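*Asks:* Need a 3D model of the following:
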Amino acid sequence: MAKATWNGAVLAESDHFEIVENNVYFPPAALKREFFRPSDTHTTCPWKGVASYYHVEVGGKTNRDAAWYYPRTEPAAKNIEGFIAFWRGVQVSR
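*Replies:* Below you'll find the predicted structure:
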């Protein structure tokens, strides 16, 4: 079981996840959607594709661009297409 938490809230948890470059990627169904707001931020990885981001909001606090995902990946990263990973102080345990 992998779990992502921030500011006292569980953001995602699942028995099904992928690990890529030491990041845990959660399936979309594992997210507690009430904590996520779309961001306009995008970055590009040459082998994964273009990443989109979410701001995480818990208890009146916002962690900007704390979660990212690849809506459409390059062929080498199909196993994480649509899956969400975290950084910026979000604690991920497994």
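
*Asks:* Is N79 located within a helix, as I assumed?
*Replies:* Yes - according to DSSP: H, G, I helix; E, B strand; the rest coil, N79 belongs to a helix.

*Asks:* How about the closest residue to it other than its chain neighbours: which residues does it bridge to?
*Replies:* With sequence-adjacent residues excluded and distances taken as Cβ to Cβ, 6 or more residues apart in numbering, N79 is closest to E18, at 5.3 Å. Quick note: C-beta positions are derived from backbone N, CA and C, even for glycine. Using DSSP bridges, the bridge partners assigned to E18 are Y25.

*Asks:* so what's E18 up against?
*Replies:* Taking Cβ atoms under 8 Å, 6 or more residues apart in numbering as the contact definition, E18 lies against V24, Y25, N79, I80, F83.

*Asks:* so which of those comes closest to V90?
*Replies:* Closest approach to V90 among the contacts of E18 (Cβ to Cβ): V24, at 10.2 Å.

*Asks:* measure the residue nearest to N79 to P38 for me?
*Replies:* E18 sits 22 Å away from P38, taking Cβ to Cβ, to the nearest Å as the criterion.

*Asks:* now the contacts of E18: which count as buried?
*Replies:* When the contacts of E18 are checked for burial by 16 or more other Cβ atoms under 10 Å, the buried set is V24, Y25, I80, F83.

*Asks:* so the first one makes contact with Q91?
*Replies:* No - because the distance of 10.9 Å does not satisfy Cβ atoms under 8 Å, V24 is recorded as not touching Q91.

*Asks:* Could you check the pLDDT of Y54?
*Replies:* According to the prediction, Y54 has pLDDT 98.

*Asks:* Same question for the helix or strand where it lies: list its buried residues.
*Replies:* Secondary structure here is read from DSSP states H and E; on that basis Y54 sits in strand 49-58. For strand 49-58, the neighbour count (16+ other Cβ under 10 Å) marks G49, A51, S52, Y53, Y54, H55, V56, E57, V58 as buried.
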